[in-house]
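Asker: Would you be able to build a 3D model of this:
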Amino acid sequence: MTGHAQEQDDETTDFFEDRERRRSLNGPNIILVMTDDQGWGDTGYNSAHNPQRDKVVTPAMDAMAAAGLRFNRFYAQSPVCSPTRGSVLTGRHPFRYGTFSAGKPFRNQEVTIAQALKTAGYTTGHFGKWHLDGVSGPGQPVLVDDPLGPSRFGFDEWFSVTNFFDHDWTFSRKGQLVQVPGDGSDAIVAEALKFIGAAVQSETPFLAVIWYGSPHSPINPLPEYQQKAGGSAYYGEIYGVDHSLGTLRSGLRRLGIADDTLVWFNSDNGASKNDYVPPYSAGGLRGRKGSVWEGGLRVPGIIEWPARIRKPFATDVPAVTSDIYPTILEVTGIKMPNQVQPLDGISLVPLLDGRMTERPKPIAFWHGGGGQKNGGHATLTSNQYKLHKPAPEKYELYDLLNDPAESKDLAAEHPEIVAQMKSSLLTWQDSVVNSLAGNDYPGGLSKDAVNAAAEFSATKYAKKAKAAKGKKKSGKDKESEE
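Answerer: Prediction:
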């Protein structure tokens, strides 16, 4: 062999060794998929008791559930939009950083999953609904200089709008306006696949966050999608999501990366309260979006990762969106030196590996009250019981294993369980109030940054919204801000 040939052979060997070394160090590609207002009963695989089950056509979701890990008790960290999105990115309850409700801003002192994965060489992208910059109303293209936009929180590429979207929408590709005809769900998946394809070409591991705007209002599916859903406009919206999800899964297989890609699917909160939503959307559970009863929090949840989950299974172990961050960190072996503590979520790696049969610590929820300890409605969910604190010194207890609809209050029958769970819930609330004050950040809360971000959202986006008023159909102008 000549010296030149030997040199080329060594370079080729080094190239492949380096590629394998990077794969082993970085772990899988990661895709986090989240729908908007999809209820617990809004999937084909979970619609056996739905009177309209023939209209719930979700072959891609059903295929994921059949091939991976299906959660029977997966929860959004909040019963409304923006707070849950914050929990996905941070692993922390949104009250810790002041994201109390839909449209409330994120804090720029938080550490996100995108920032963490970038330390391990991942390229990162966000596609679809953002809603963490304090902007309400129909989705506007995210501004390139938004201090609370995707760039600020570790996303290299993004194709994003501030809030919900529908078909024939205008998105922002890192500040460049892109008007896309057709279904918005198809649009964001097409953009995500471009990003994924480029990452595969450069042999770089990736994080793709795909956040849909459906089945949130406006309910206006493409006619062919509504037809697929038996004429139901609402389930036509969900079919549109599922169609794009099928495109995503096919794309991963075409690129040859499906086995080494972890896809995590869930909704941001339970079924909407609006009249257009079918009665069974919440799956027979009590409550809807905006409440911490099961119908407002329990949502579809699936993990598909063929290389790790070789045998499909379903689990009754409770899990929550705050678990996503610590799970991904353990999967990738990342240790963040500047990690903001405490985390509320736990790693589900033992569950993926079949070593977790019960959740080691309960899940706490809190909605309303603006972070005042005696305000709002708080709950604590264990493997069996759920303690409600709907008002100061008022407690209710439900057995979720035997009464998932939360119809019979057992507090008087089990005072010892109430006392134990009450103590844990109150201690957790004290911790959250401490975090809200900024005590989790080195140097405390940066009020200047918080105020500057609020001023940006209140001025630049408000001016754009005013300029656009009248150009949209009147029905879209009156939609919910959540």
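
Asker: Any idea how far the strand or helix carrying T427 is from the middle of the chain?
Answerer: Secondary structure assignment for T427, by DSSP states H and E: helix 415-436. When distances are taken as CA atoms, centre = their mean, to the nearest Å, helix 415-436 is centred 25 Å away from the chain's centroid.

Asker: Run through the neighbouring helices and strands of it.
Answerer: Packing contacts for helix 415-436, counted by 3 or more CB pairs under 8 Å, 6 or more residues apart in numbering; DSSP states H and E, involve strand 363-367, strand 377-381, strand 385-391, strand 394-399. Heads up, the C-betas are built off the backbone N, CA and C, glycines and all.

Asker: and the angle for it with strand 385-391?
Answerer: On the basis of axes from the mean of the first three to the mean of the last three CA atoms, to 10 degrees, helix 415-436 is oriented at 60 degrees to strand 385-391.

Asker: in helix 415-436, what's buried?
Answerer: By 16 or more other CB atoms under 10 Å, the buried positions in helix 415-436 come out as 417-418, 421-422, 424-425, 428-429, 431-432, 435-436.

Asker: Leaving out chain neighbours, which residue sits closest to A458?
Answerer: Of all residues not flanking A458 in the chain, G134 sits nearest, at 7.7 Å (CB to CB, 6 or more residues apart in numbering).

Asker: Poorly predicted segments of the stretch 351-482 of the chain, please.
Answerer: Filtered on pLDDT under 70, the stretch 351-482 of the chain yields the residue ranges 463-482.

Asker: Could you rerun that using 80?
Answerer: Applying pLDDT under 80 to the stretch 351-482 of the chain picks out residues 462-482.

Asker: quick one, helices of this protein?
Answerer: 3-26, 59-67, 81-90, 113-118, 184-201, 223-228, 233-254, 294-297, 324-332, 349-352, 415-436, 447-456, 462-468, 474-477 (DSSP state H).

Asker: Tabulate those helices in JSON lines, adding columns for distance to P51.
Answerer: Formatted as JSON lines, those follow (distance: least, CB to CB, whole Å):
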{"stretch": "helix 3-26", "distance to P51": "47"}
{"stretch": "helix 59-67", "distance to P51": "19"}
{"stretch": "helix 81-90", "distance to P51": "28"}
{"stretch": "helix 113-118", "distance to P51": "39"}
{"stretch": "helix 184-201", "distance to P51": "26"}
{"stretch": "helix 223-228", "distance to P51": "19"}
{"stretch": "helix 233-254", "distance to P51": "12"}
{"stretch": "helix 294-297", "distance to P51": "17"}
{"stretch": "helix 324-332", "distance to P51": "33"}
{"stretch": "helix 349-352", "distance to P51": "33"}
{"stretch": "helix 415-436", "distance to P51": "36"}
{"stretch": "helix 447-456", "distance to P51": "45"}
{"stretch": "helix 462-468", "distance to P51": "40"}
{"stretch": "helix 474-477", "distance to P51": "28"}
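
Asker: between those, which one is nearest to P138?
Answerer: helix 474-477 (5.8 Å; CB to CB).

Asker: List the contacts of the residue lying closest to D146 once chain neighbours are set aside.
Answerer: Distances taken as CB to CB, 6+ apart place D133 nearest to D146, at 5.5 Å, with adjacent residues excluded. Neighbouring residues of D133 by CB atoms under 8 Å, 6 or more residues apart in numbering: 105-106, 142, 146-149, 162, 453, 457, 461.

Asker: before we move on, back to that, dump the residue contacts of the residue nearest to A458.
Answerer: G134 touches 103-105, 148, 453-454, 457-458, counting by CB under 8 Å, 6+ apart.

Asker: Pull out the buried members of those residues.
Answerer: Applying 16+ other CB under 10 Å to the contacts of G134, the neighbour count classes 103-105, 148, 453-454, 457 as buried.

Asker: Could you spell out which stretches of the chain belong to which domain?
Answerer: Domains of the chain are assigned by automatic domain parsing as 20-361, 364-436.

Asker: ok now the first one, how far from the chain's centre?
Answerer: Centroid separation for domain 20-361 versus its chain: 4 Å, with CA atoms, centre = their mean.

Asker: And the last one, by the same measure?
Answerer: In terms of CA atoms, centre = their mean, the centre of domain 364-436 is found 23 Å from the chain centre.

Asker: Start and end of that domain, how far apart?
Answerer: Taking CA to CA, to the nearest Å, domain 364-436 runs 16 Å from one end to the other.

Asker: Which residue, other than its chain neighbours, is closest to L255?
Answerer: That would be V200: by CB to CB, 6+ apart, it lies 5.1 Å from L255.

Asker: State the distance from F155 to A48.
Answerer: Noted for F155: a distance of 39 Å to A48, by CB to CB, to the nearest Å.

Asker: Those two - which one has more neighbours?
Answerer: Using other CB atoms under 10 Å as the criterion, F155 and A48 rank with F155 on top: 24 against 8.

Asker: mind listing what that one touches?
Answerer: Contact analysis of F155 by CB under 8 Å, 6+ apart lists 114, 124-126, 209.

Asker: Give me the mean pLDDT for stretch 227-235.
Answerer: Regarding stretch 227-235, the rounded mean pLDDT is 97.

Asker: buried set for it?
Answerer: If you call a residue buried by 16+ other CB under 10 Å, then stretch 227-235 has these buried ones: 228-229, 232, 234-235.

Asker: measure the residue nearest to A364 when sequence neighbours are not counted to R298 for me?
Answerer: Distance criterion CB to CB, 6+ apart; nearest residue to A364, sequence neighbours excluded, is W428 at 4.7 Å. Taking CB to CB as the criterion, W428 is separated from R298 by 20 Å.

Asker: Same question for T459.
Answerer: 39 Å.

Asker: which of these two has more neighbours?
Answerer: Of the pair T459 and R298, R298 is the one with more neighbours under other CB under 10 Å, namely 29 against 10.

Asker: residue contacts, the more buried one?
Answerer: Neighbours of R298 in contact, by CB under 8 Å, 6+ apart: 40, 73-75, 270, 283, 285.

Asker: Burial check on R355, number of neighbours?
Answerer: By the other CB under 10 Å criterion, the neighbourhood of R355 contains 8 residues.

Asker: so who does it touch?
Answerer: With CB under 8 Å, 6+ apart, R355 has no contacts at all.
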